[in-house]
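> got a predicted structure here, sequence first:
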Amino acid sequence: MSVVTEQIQVASDEGGVLQIQRLGTDSATAPVILLLHGAMADSRLYLAAQCGLAGFLAEQGYCVYLADLRGHGASQPTLEQQPSICSGDLILRDIPALLNTLVERHARQRLFVLSHGWGGVWLASALIRQPQLLPRISGLVQLGVRRRALAGGRWVRFVRRTLWGSLASLSGRLKGRVPARALGLGSQDEARAIHAANLAWERGEWRDLEDGFDYASALNGLAWPPSLYLAGDRDRVLGHIDDVRRFARELGRHDAQVILLEKGRGCSRHYGHSDLLTHPQAEQDHFPLIADWLAQRRQDSHTQELFPCGNASDVKEAAYIT
């Protein structure tokens, strides 16, 4: 396999210039996978550990794209240049620009998208806004992705409310952006408007704060691609398994498999929100699980059975057992 690295810039609306790195084979028939970061992070998340998930998937024969959304990583504008970046910039402009670019570059190849944290919610929101892109995607992998934050005991709710809520918001007002690195909340500072929207969505309705668009109502009738949802057993605040499961059901009818990564049941250690990507042991524990799931979908057609996600028996549950 010929492994190549390419730096690409994708123009997005409203002055966005998105930086993309491509890893993996240059074969015209290889499946393509886009890796999307979440809030308070950038694409370096997928290059951590020994070779990271990006390198792992490239070695499996995928054409891998790592993208930075505006205000993150090497993309433009930066938060210094434009502190007022909002969720709409990512949902209405950046993510559609990335998907359309990959569809054009790889018109005859299968396209998958893998997201972490809020990246999965932004992706779902973008696809709800532009449902014509849904049939082009062969599968979604969601790592620690949830919209509502309802699970957890009193301590978890206290930490979520004070650290990610009050403290981050107050620091954002003082600094002009949420200083996630200084607060130990992430590897990338975040725009105040994006953080405010995230808090509103995790506490209430899935409704756009800028134009009032009702995402929940627009979900009716959408055909989602097969999806794999993973959560670490130590991810109690940002991606609790119950909230991940709730998000899978919220999307409606689709082939949804939810897996909890547990020590002693296929995993050698406990995993939290970010180290399920960054810990070196992830390459032995659950990266192969992701590769196996993708390999099955490389062969599947879009005529597979759909599972209505409406009650406790609708989402397929599995423990990862090697």
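Done, it's in. Keep in mind that what you see is a predicted model, and the values were worked out from it rather than measured. Numbers count the residues shown, from 1 in each chain.

> any idea which element Ala28 lies in?
Assigned by DSSP states H and E, Ala28 falls within no helix or strand.

> where exactly do the helices run in this protein?
52-59, 87-88, 95-105, 118-129, 154-159, 168-175, 180-183, 192-203, 215-218, 241-250, 275-278, 282-285, 287-299 (DSSP state H).

> got those helices as JSON lines, with mean pLDDT columns?
Below are the helices of the chain laid out as JSON lines (pLDDT from 0 to 100):
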{"stretch": "helix 52-59", "mean pLDDT": "95"}
{"stretch": "helix 87-88", "mean pLDDT": "97"}
{"stretch": "helix 95-105", "mean pLDDT": "97"}
{"stretch": "helix 118-129", "mean pLDDT": "98"}
{"stretch": "helix 154-159", "mean pLDDT": "92"}
{"stretch": "helix 168-175", "mean pLDDT": "97"}
{"stretch": "helix 180-183", "mean pLDDT": "96"}
{"stretch": "helix 192-203", "mean pLDDT": "97"}
{"stretch": "helix 215-218", "mean pLDDT": "97"}
{"stretch": "helix 241-250", "mean pLDDT": "98"}
{"stretch": "helix 275-278", "mean pLDDT": "96"}
{"stretch": "helix 282-285", "mean pLDDT": "96"}
{"stretch": "helix 287-299", "mean pLDDT": "95"}
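
> which one of those helices lies closest to Gln81?
Minimum separation from Gln81 across the helices of the chain (CB to CB) falls at helix 192-203, 14.9 Å. C-beta coordinates here come from the backbone N, C-alpha and C atoms, glycine included.

> if we can go back for a sec, distance to Ala67 and mean neighbour count for the helices of the chain - can I get that in JSON lines?
Conversion of the helices of the chain to JSON lines gives the following (distance: least, CB to CB, whole Å; neighbours: other CB atoms under 10 Å):
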{"stretch": "helix 52-59", "distance to Ala67": "11", "mean neighbour count": "23"}
{"stretch": "helix 87-88", "distance to Ala67": "16", "mean neighbour count": "22"}
{"stretch": "helix 95-105", "distance to Ala67": "5", "mean neighbour count": "18"}
{"stretch": "helix 118-129", "distance to Ala67": "10", "mean neighbour count": "24"}
{"stretch": "helix 154-159", "distance to Ala67": "30", "mean neighbour count": "12"}
{"stretch": "helix 168-175", "distance to Ala67": "24", "mean neighbour count": "16"}
{"stretch": "helix 180-183", "distance to Ala67": "19", "mean neighbour count": "15"}
{"stretch": "helix 192-203", "distance to Ala67": "16", "mean neighbour count": "20"}
{"stretch": "helix 215-218", "distance to Ala67": "22", "mean neighbour count": "14"}
{"stretch": "helix 241-250", "distance to Ala67": "21", "mean neighbour count": "21"}
{"stretch": "helix 275-278", "distance to Ala67": "15", "mean neighbour count": "23"}
{"stretch": "helix 282-285", "distance to Ala67": "21", "mean neighbour count": "18"}
{"stretch": "helix 287-299", "distance to Ala67": "18", "mean neighbour count": "16"}
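
> make CSV out of those and add distance to Ile33.
Output for these, formatted as CSV (distance: least, CB to CB, whole Å):
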stretch, distance to Ile33
helix 52-59, 6
helix 87-88, 24
helix 95-105, 9
helix 118-129, 13
helix 154-159, 32
helix 168-175, 31
helix 180-183, 26
helix 192-203, 24
helix 215-218, 25
helix 241-250, 20
helix 275-278, 14
helix 282-285, 16
helix 287-299, 7
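
> closest to Asp13 out of those?
helix 95-105 (7.2 Å).

> what's the closest one packed up against?
The helices and strands touching helix 95-105, judged by 3 or more CB pairs under 8 Å, 6 or more residues apart in numbering; DSSP states H and E, are strand 3-11, strand 17-25, strand 32-36, strand 63-67, strand 111-116, helix 118-129.

> from Gln281, how far off is Leu228?
20 Å (CB to CB, to the nearest Å).

> hang on, isn't Glu250 packed against Leu222?
No - using CB atoms under 8 Å, Glu250 is not in contact with Leu222; the gap is 11.7 Å.

> what about Trp164, how many neighbours?
By the measure other CB atoms under 10 Å, the count of residues near Trp164 is 23.

> now do the same contact list for the spatially closest residue to it that is not a sequence neighbour.
Ranked by CB to CB, 6 or more residues apart in numbering and with sequence neighbours excluded, the top spatial neighbour of Trp164 is Leu185, at 6.7 Å. Leu185 sits next to 40, 163-164, 168, 178 when contact means CB atoms under 8 Å, 6 or more residues apart in numbering.

> I'm done for today, thanks for sticking with me.
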